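Colleague: Here is the input, now give the coordinates:
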Amino acid sequence: MDAVTAALVAQGIGLADAIPTIDRTIPIAQSDALPSAQLGYSLALAAGLWLPWVALGLLAAGVLVARRRAVALVAASVSLATVCAVLVAGFAAGRIAFLAAVSPGILPSGAADAVYATFTGAMRDTATALLVLALAVAVVAWFAGPFAIPRRLRALVHSGAGMARRTLERRGLGTGRVGTWLFRQRVFARAAVAVAAAAVVLFVRPLTPGLVIWTLAAAAAVVLLLEVLERPTTDAGVAHESVAHEGVDADAPATPAR
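Modeller: As a prediction, this is how the structure comes out:
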């Protein structure tokens, strides 16, 4: 009221000086458990700053020390997606339980729903976004892994990129030295794309499923564009394309001839 009175007076409404000072407290809830709830909420905020990073670090460490990293990455991603799905379901069940516990005796149903949404909305959205991200990582890890079906799919991608590259070169749109340089730096280029996508997911807030999906789609489009722009001219590049046409993973170790 003091702020409103000052604003009205500043706008030339002199009658606002007659507004009396109001000092009134309006109770919105009565509960002896409020101090405990405040303490728990403060602890949750403190733990929320570092606990997710510890969990992700442990998952990454488990993948790095695994013998079959592709399989471990798929398993870790599916496990994270499962945990996030359980968490999202838990928030939905918790809302029902919270409303039943406090409404209408302590809070009206509308107010209770708003309080629960305020406390859990960001966590629910983050869990949903991580669910989408974990599923996407599982699919990418499976696609990049040494499995039979992904090898065939990668061979199709390499073959399609090669056809597009040759078509552009016939029309005078070759990438020349830039394409040769991109091919030599292909590992670092893909790593840069992955780091950029991870940075968006980790640091852009609020984290939403839409943001995750669009980030992954953009990263996939950039990788496909790099595949087309690269110009294999070395012996390794020729082997890379010939192996792709044969439907075998170019990164897989060669089997000695018998």
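Colleague: Now do the strand or helix carrying residue 60: distance to the chain's middle.
Modeller: Residue 60 belongs to helix 34-65 when elements are defined using DSSP states H and E. Using CA atoms, centre = their mean, to the nearest Å, the distance from the centre of helix 34-65 to the centre of the chain it belongs to is 17 Å.
Colleague: quick one: average pLDDT of it?
Modeller: Averaged across helix 34-65, the pLDDT comes to 84.
Colleague: What distance do you get for residue 75 to residue 81?
Modeller: From residue 75 over to residue 81 the distance is 11 Å, taken as CB to CB, to the nearest Å. Using the backbone N, CA and C atoms, a C-beta is placed for each residue, glycine as well.
Colleague: quick one, helices of the protein?
Modeller: Counting by DSSP state H, the chain has helices at residues 2-10, 34-65, 69-102, 109-144, 148-170, 176-184, 186-203, 209-229, 235-245.
Colleague: In a markdown table, list the ones you listed along with mean neighbour count and distance to residue 20.
Modeller: Written out in a markdown table, the entries for the helices of the chain read as follows (neighbours: other CB atoms under 10 Å; distance: least, CB to CB, whole Å):
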| stretch | mean neighbour count | distance to residue 20 |
| --- | --- | --- |
| helix 2-10 | 11 | 10 |
| helix 34-65 | 11 | 31 |
| helix 69-102 | 16 | 35 |
| helix 109-144 | 17 | 28 |
| helix 148-170 | 15 | 75 |
| helix 176-184 | 15 | 74 |
| helix 186-203 | 14 | 49 |
| helix 209-229 | 16 | 49 |
| helix 235-245 | 15 | 82 |
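Colleague: Looking at those, spot the one closest to residue 25.
Modeller: With CB to CB as the criterion, residue 25 lies closest to helix 34-65 of the helices of the chain, at 14.7 Å.
Colleague: quick one: contacts for residue 99?
Modeller: By CB atoms under 8 Å, 6 or more residues apart in numbering, the contact set of residue 99 is 109, 112, 113, 116.
Colleague: The second one is in contact with residue 98, isn't it?
Modeller: It refers to residue 112. Yes. If you go by CB atoms under 8 Å, residue 112 and residue 98 touch, sitting 6.6 Å apart.
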